[in-house]
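[1] would you be able to build a 3D model of this:
(one chain, ligands or ions: 1)
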Amino acid sequence: MIRKIDKNSIGEALRAAYDHCKNDAGGKNADYIPYLKNVPSNLFGIAACLPDGELLTVGDTDFRFGIESVSKVPTALLAMEQYGAREVLHKIGADATGLPFNSIMAILLENDHPSTPLVNAGAISACSMIRPTGDPAAKWQAITGFLAELAGSSVAVIDELYRSESETNFNNRSIAWLLKNYGRIYDDPMQALDLYTRQCSIGVTAAQLAVAAATIAAGGVNPLTHKRVFRSELTPRIVALMATVGFYEHTGDWLFETGLPAKSGVGGGIMAVVPGVMGLAAFAPPLDSAGNSVKAQKALSFIARELDLNLFGTTRCTMAVPAPAEA
Ligand code: DON
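    Have a look, this model is predicted:
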């Protein structure tokens, strides 16, 4: 069964989700990174990017917040683009950990494997892989350039957030050295950690995350710029990783409720991909116990129900607008 959705039904679903969730007072800002504690808790925005590049937005979708763990998605894609998906599977893995995002136990349980590029261990390992190895400045260019191409606009680090993370990332330092001990860091470990910390400190808007999600949904062609950013065969790979571990120890609950592959960050952002259809993003700083935005989850879950976005359902939603043409 095919259900056609269009710009109007998506716009209505976004507005209804916003109204439904705007007064939700659940969760609290992350405080283990001091900067995040002080971001206004009442910010809330939802964005959708359609196959023709049109953006539908409601609320605070132009506010720049810390991308945090959502940055693990572009860097995993870049590593797969540079090395091929199999090599990333071999060097890092693609398993759910069922444990918190910064778990050291997960590394030990998985036979020294970082599990997946979408938890801290795997993301630090992915940063170590990014080419050209041995040249942190060029690696940084590659990481930020790739994210900007996915999002269709430039991105920059929030300096205060970067300082705040660098001064408090003791657990991640331990992860980097433990992985080095197990041969899972493919460059200098402290440089890999710094790249990871910097990429988490990049400021993005919900609108930018929606465009990045739409680029993934469209098989690697950015619907705004029409540029090919990555090979189309990587879309099912990255979507599988997002579905497997996008909400850490709450991933099963999320997938059970929504059937929507998505990735969260402790800055309050969530990016969701509806393959072949569109990209969605939501942002609100207060988090649940696993580090996922309460309001953004609620809003995306509402939209998934309204528009039949569950990938496991018998109804498939499609859009009348065709996939973006490649420039
Ligand atoms: O490494 C950290 O702990 C943070 N920079 C990112 C963690 C994060 O966003 C987890 N996601 N929900």
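
[2] dihedrals phi and psi, the residue nearest to the spatial centre of the chain?
    Taking C-alpha atoms, centre = their mean, the centroid of the chain lies closest to V70, which sits 2.8 Å from it. Main-chain dihedrals, V70, degrees, to the nearest 10: phi -60, psi -20.

[3] right, and it touches G268 too?
    No: with contact defined as C-beta atoms under 8 Å, V70 does not count as touching G268 (10.0 Å). In this view, the C-beta of every residue, glycine as well, is placed from N, C-alpha and C.

[4] quick one: the strands in the stretch 151-300 of the chain?
    156-157, 202-204, 262-264, 269-274, 278-283 (DSSP state E, counting those that start in this stretch).

[5] nearest to M190, out of those?
    strand 156-157 (17.9 Å; C-beta to C-beta).

[6] and that closest one, does that touch the ligand?
    No: counting by C-beta under 6 Å from any ligand atom, the ligand has no neighbours in strand 156-157; the shortest distance is 12.4 Å.

[7] that strand pairs with which strands?
    Take DSSP bridges as the rule and strand 156-157 pairs in its sheet with strand 202-204 (antiparallel).

[8] residues in contact with the strand it pairs with?
    64-67, 70-71, 144, 147, 151, 155-158, 161, 269 (C-beta atoms under 8 Å, 6 or more residues apart in numbering).

[9] now the buried members of those.
    64-67, 70-71, 144, 147, 151, 155, 157-158, 161, 269 (16 or more other C-beta atoms under 10 Å).

[10] neighbours around G53, how many?
    17 (other C-beta atoms under 10 Å).

[11] again but with R86, I slipped
    R86, neighbours per other C-beta under 10 Å, totals 10.

[12] ditto for the one 10 residues further on
    As a burial measure, the neighbour count of A96 was computed by other C-beta under 10 Å and equals 19.

[13] same thing with N29?
    The burial count for N29: 20, using other C-beta under 10 Å.

[14] residues contacting it?
    Here N29 is in contact with L36, K37, N38, V39, S41, G268, P285, P286, L287 (C-beta under 8 Å, 6+ apart).

[15] for L179, what are its contacts?
    Neighbours of L179 in contact, by C-beta under 8 Å, 6+ apart: I107, P114, A121, I124, S125, I185, P189.

[16] ok, A25 next?
    P286.

[17] repeat the analysis, applying 7 Å as the threshold.
    Going by C-beta atoms under 7 Å, 6 or more residues apart in numbering, A25 touches no other residue.

[18] for it, helix, strand, or coil?
    coil (DSSP: H, G, I helix; E, B strand; the rest coil).

[19] pull up the gap between it and S41, please.
    9 Å (C-beta to C-beta, to the nearest Å).

[20] wait, isn't the residue nearest to the centre of the chain in contact with G269?
    Yes: at 5.3 Å, V70 counts as touching G269 under the criterion of C-beta atoms under 7 Å.

[21] between these two, which contacts overlap?
    In contact with both V70 and G269: L209, using C-beta under 7 Å, 6+ apart.

[22] helices of the stretch 101-250 of the chain, start to end?
    For the stretch 101-250 of the chain, the helices defined by DSSP state H, counting those that start in this stretch cover 105-109, 120-129, 136-151, 159-166, 170-181, 189-200, 206-217, 234-245.

[23] the ligand: which of those helices is closest?
    Of all the helices of the stretch 101-250 of the chain, helix 189-200 sits nearest to the ligand, with 3.5 Å by C-beta to the nearest ligand atom.

[24] same question for that closest one: list its buried residues.
    Neighbour-count burial for helix 189-200 flags P189, Q191, A192, L193, D194, L195, Y196, T197, R198, Q199, C200 (criterion: 16+ other C-beta under 10 Å).

[25] ok, how many other residues are close to the closest residue to the fourth one other than its chain neighbours?
    By that I understand L193. In space, and not counting its chain neighbours, L193 is closest to A176: 4.3 Å by C-beta to C-beta, 6 or more residues apart in numbering. Neighbourhood size, A176 [other C-beta under 10 Å]: 27.

[26] try W254
    When neighbours are defined as other C-beta under 10 Å, W254 has 23 of them.

[27] what's it in contact with, if anything?
    W254 sits next to F247, Q297 when contact means C-beta under 7 Å, 6+ apart.
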